[in-house]
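Engineer: Provided below for reference: sequence and predicted model.
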Amino acid sequence: MATVSAGAKLPFSKMHGLGNDFVVLDARKHPLVLCEHQFRAIADRRRGIGCDQVIVLESARHPDADLFMRIRNPDGSEASACGNATRCIAARVMGETGRAHAVIETVAGLLMAEREPGGEEISVDMGEARLDSSDIPLAEACNTLHLPIALGPLQDGVAVSMGNPHAVFFVPDVMTIDLPSLGPQLEHHSLFPARANIEVVQVIDRRRLRMRVWERGAGITQACGSGACAVLVAAVRRNLTDRTADVVLDGGRLIIDWLDNGHVRMTGAWAQSFSGEIDLARLSDREGDHV
Ligand SMILES: N[C@H](CCC[C@H](N)C(=O)O)C(=O)O
């Protein structure tokens with residue numbers, strides 16, 4: 001793959017799902033190799049464009065897929081799943097093809113997406129929820145329904161993988177939890193060798209959950225699609241909700257279904273914000289540099 005010359009100007013588009021925002025780079029025609037520090041610089045809200053994840057569109061590897069979606073967190077780490085971005089990219093593919101469905105290939109596998117009647121919302125089959133310690137992954141074999149860690153008000157969590165690791169903690173009121181302090185401590189807990197996305201959730205009733213999230217490699221975001229899937233699965237495993245529920249995040253509502261085949265379907269809105277060009281020569285990872 002050709003690396004991007006320092007003087008390159010990169011076209012991008014901004015999209016978001018419930019306020020979880022993305023810089024989208026289209027490398028389907030011209031392969032793109034960016035260094036970790038360039039991803040960090042692009043995602044930086046002070047020195048770069050600013051986003052929760054940088055999404056790179058690549059040519060599909062799988063014959064059934066429309067494209068391959070690569071996901072990078074603001075810290076430069078690569079993630080295997082991003083529910084909100086999957087809805088945005090699926091909507092973009094549907095706009096390009098005129099079809100009401102799309103197949104998005106990710107590191108975690110093929111994701112099937114459909115446009116809902118009315119077109120405002122997209123449903124994505126996010127694949128199977130994985131529940132075994134080794135699949136999360138956890139550093140030791142344990143009961144993923146009752147994690148052996150406690151930090152202040154966050155205790156007795158539930159681990160779920162949606163292709164990326166999540167630790168879900170049930171609390172009486174999500175607005176009382178000091179996520180900026182507790183989130184990073186748990187993200188980096190020794191039980192999570194690949195770190196973890198941390199969700200706090202309160203049960204409103206058997207069809208409604210309220211959650212907030214500290215995302216691995218990103219911090220607090222307005223919404224986390226894979227996290228909402230993990231929260232619903234955890235609540236069903238604890239017999240706190242039905243297998244379909246509204247999950248209300250800071251940025252809005254997702255409908256999550258844990259299907260009989262073990263897959264999790266997520267339905268929600270998406271949005272295109274604006275587009276522009278990134279002048280890579282001006283992006284720098286040095287603290288204090290300004291674009
Ligand atoms: N921070 C996540 C990736 C983004 C997930 C989130 N934005 C979503 O919508 O699922 C991770 O490292 O696994």
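Structural biologist: All right, it came through fine.
Engineer: CA atoms for contacts and neighbours, from now on please.
Structural biologist: Fine.
Engineer: hmm, who's touching stretch 145-156?
Structural biologist: Residues from elsewhere that reach stretch 145-156 (C-alpha atoms under 8 Å, 6 or more residues apart in numbering): 142, 157-159, 169-171, 177, 182, 186, 234, 237-238.
Engineer: next to the ligand, which bits of this protein? Give me the list.
Structural biologist: 73, 79, 81-85, 164, 215-218, 224-227 (C-alpha under 6 Å from any ligand atom).
Engineer: hmm, 5 Å instead?
Structural biologist: Contact residues, the chain versus the ligand (C-alpha under 5 Å from any ligand atom): Ala79, Cys82, Gly83, Asn84, Asn164, Glu215, Arg216, Cys224, Gly225, Ser226.
Engineer: look at Ile42 and give its secondary structure.
Structural biologist: Per DSSP: H, G, I helix; E, B strand; the rest coil, the secondary structure class of Ile42 is helix.
Engineer: which helix or which strand is home to Gly268?
Structural biologist: Assigned by DSSP states H and E, Gly268 belongs to strand 263-269.
Engineer: so for that strand, mean pLDDT?
Structural biologist: For strand 263-269, mean pLDDT rounds to 98.
Engineer: from the chain's centre, how far out does it sit?
Structural biologist: Relative to the mean C-alpha coordinate of its chain, strand 263-269 is positioned 12 Å out (C-alpha atoms, centre = their mean, to the nearest Å).
Engineer: first to last residue in stretch 68-81, what's the distance?
Structural biologist: Stretch 68-81 has an end-to-end distance of 12 Å (criterion: C-alpha to C-alpha, to the nearest Å).
Engineer: what sits up against it?
Structural biologist: Here stretch 68-81 makes contact (C-alpha under 8 Å, 6+ apart) with 36-37, 39-40, 43-44, 51-61, 82, 104-108, 162-164, 216-218, 226.
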